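Peer 1: turn this into a structure:
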Amino acid sequence: MRNTLKEASLKAVVKKKKPLLSATHRKRRLAFALKYQHWTVEDWKRVIWSDETKTNRIGSDRQGYVWKKKGEGLTSQEVKGTVKFQGGLLMIWGCIGWNGVGVLSEVEGRMDAEQYVVILKGRLLQSMEESGIPTDEVIFQQDNDPKHTSRRAQIWFEEQEIKLLDCPAQSLDLNHIKDTWNHLKRCLSGYDRGYYRGSSITG
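Peer 2: Down below sits the predicted model:
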């Protein structure tokens, strides 16, 4: 079967991961595109993009494989070290703007609306100040996670008079910070593990 497919000039490729979009998602993404189609570069310069991400300070949480000979005993390369209480896992919140990255904040445990507002008060306001964008012109982007759209968070945005970018659901590919996270993780993978183990990024 494989040879027949090759003779037909077909080849196997890895499926690309993309947001799963329903008809409603597609309709709202189109509405978003139409709404902002006439925005200029200067308009987009006012946007601060945000997101949370997980990074592993000790290896990867993906399934690992090694090659070994049949009958060979257990070797060190077959062992994947673990740390109790997710010691190798680090959750962080961050943001970026036209002029660069904002201030990172470590997420302690499972972030809820209360912790999210605390991060906004400390890290977002500081990032806005350092962004060079006039405070009254900043437009803040966040996804539609329940803690982001919670009443507590909405009240805080209203009190600070911060405008929000109405991004549609299932639009991870529209958030520019995703590329920043990928770059950050590639850089971290190049460090010696002991260099940043147990370090804090919130100081």
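
Peer 1: which stretches in this structure count as strands?
Peer 2: For the chain, the strands defined by DSSP state E occupy 47-56, 89-97, 100-101, 105-106, 139-141, 163-165.

Peer 1: tell me the contacts of the residue nearest the centre of the chain?
Peer 2: Centroid check for the chain by Cα atoms, centre = their mean gives residue 53 as the closest residue, at 4.2 Å. Residues near residue 53 by Cβ atoms under 8 Å, 6 or more residues apart in numbering: 91, 92, 94, 181. Where you see a C-beta, it was placed from the backbone N, CA and C, and this is true even at glycine.

Peer 1: pretty sure the third one sits against residue 183.
Peer 2: No - with the criterion set as Cβ atoms under 8 Å, residue 94 and residue 183 do not qualify as a contacting pair; they are 11.8 Å apart.

Peer 1: leaving out the residues flanking it, which one is nearest to residue 168?
Peer 2: Sequence neighbours aside, residue 28 is the residue nearest to residue 168 in space, at 3.9 Å (criterion: Cβ to Cβ, 6 or more residues apart in numbering).

Peer 1: around that neighbour, how many other residues sit close by?
Peer 2: Close neighbours of residue 28, defined as other Cβ atoms under 10 Å, add up to 18.

Peer 1: what of the one 5 residues further on?
Peer 2: When neighbours are defined as other Cβ under 10 Å, residue 33 has 11 of them.

Peer 1: okay, it: pLDDT?
Peer 2: Here the pLDDT value assigned to residue 33 is 94.

Peer 1: again with residue 144
Peer 2: pLDDT, residue 144: 90.

Peer 1: neighbour count winner among residue 94 and residue 183?
Peer 2: Using other Cβ under 10 Å, the more surrounded residue of residue 94 and residue 183 is residue 94, with 22 against 10.

Peer 1: give me every residue that touches the more buried one.
Peer 2: By Cβ under 8 Å, 6+ apart, the contact set of residue 94 is 50, 51, 52, 53, 101, 102, 103, 104, 105, 177, 180, 181.

Peer 1: at 7 Å instead, please
Peer 2: Residue 94 makes contact with 50, 51, 101, 102, 104, 177 under the criterion Cβ atoms under 7 Å, 6 or more residues apart in numbering.

Peer 1: kindly state the beta-bridge partners for it.
Peer 2: Beta bridges link residue 94 to residue 51 when assigned by DSSP bridges.

Peer 1: residue 103 versus that one, what's the distance?
Peer 2: 8 Å (Cβ to Cβ, to the nearest Å).

Peer 1: again, but for residue 51
Peer 2: Distance from residue 51 to residue 103, by Cβ to Cβ: 14 Å.

Peer 1: got any ranges where this protein has weak pLDDT?
Peer 2: Within the chain, the stretches with pLDDT under 70 are 57-66, 68, 74, 76-88, 191-203.

Peer 1: rerun that using 80 as the cut-off
Peer 2: For the chain, the stretches flagged by pLDDT under 80 are 16-20, 56-89, 172, 188-203.

Peer 1: how about the helices of it, start to end?
Peer 2: 2-7, 23-35, 41-44, 113-119, 125-131, 151-160, 177-189, 193-196 (DSSP state H).
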